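S.K.: any chance you can model this:
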Amino acid sequence: QVQLAESGGGLVQPGGSLRLSCAVSGESFSTYLMAWFRQAPGSEREFVGCSVRNGGAIYYINAVKGRFTISRDNAKNLVYLQMTNLKPEDTAVYFCAATTTYYTREAEEYEYWGQGTQVTVSS
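M.R.: Numbering: from 1, shown residues only. Model prediction:
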């Protein structure tokens, strides 16, 4: 059984930075597609970006390109979302997710989810 746990959320001013972490328990972490999603109040869950298994490519939505960076430490079973130049519209609950599918942006194709961590960008 794979379990995911996010941490690192909080309140930050516009222009600030945060780093989210996702700890993954279970085997074969390096073989999972790891993704970050976010969900703002009243909105659907939105794909933010993902890291393809075994050191493959990393993808982002246009809204966060150049500001967010996904990285993973396969030795420690951790995946990170470094967020810089945060904007109020980045406010959401952020989730990490895992799937054995090679590449997908569709939330319903991810088998494993963390509980989410709140990120609030406000002055």
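S.K.: OK, contacts around the residue nearest to residue 2 when sequence neighbours are not counted?
M.R.: What sits nearest to residue 2 in space, not counting adjacent residues and going by CB to CB, 6 or more residues apart in numbering, is residue 26, at 3.8 Å. No exception for glycine: its C-beta is placed from N, CA and C like everyone else's. Residue 26 sits next to 1, 2, 3, 77 when contact means CB atoms under 8 Å, 6 or more residues apart in numbering.
S.K.: need the residues that contact stretch 5-13.
M.R.: Taking CB under 8 Å, 6+ apart as the rule, stretch 5-13 contacts 18-23, 86, 93-96, 114-123.
S.K.: repeat that for stretch 71-88.
M.R.: With CB under 8 Å, 6+ apart as the criterion, stretch 71-88 contacts 12, 14-26, 29-30, 34, 36, 48-49, 51, 55, 64, 67-70, 90, 94, 96, 119, 121-122.
S.K.: got the end-to-end distance for it?
M.R.: 23 Å (CA to CA, to the nearest Å).
S.K.: how far is that stretch from where the chain is centred?
M.R.: 7 Å (CA atoms, centre = their mean, to the nearest Å).
S.K.: give me the three-state assignment for the residue nearest in space to the middle of the chain.
M.R.: By CA atoms, centre = their mean, the chain has its centre lying nearest to residue 36, at 2.3 Å. Following DSSP: H, G, I helix; E, B strand; the rest coil, the label given to residue 36 is strand.
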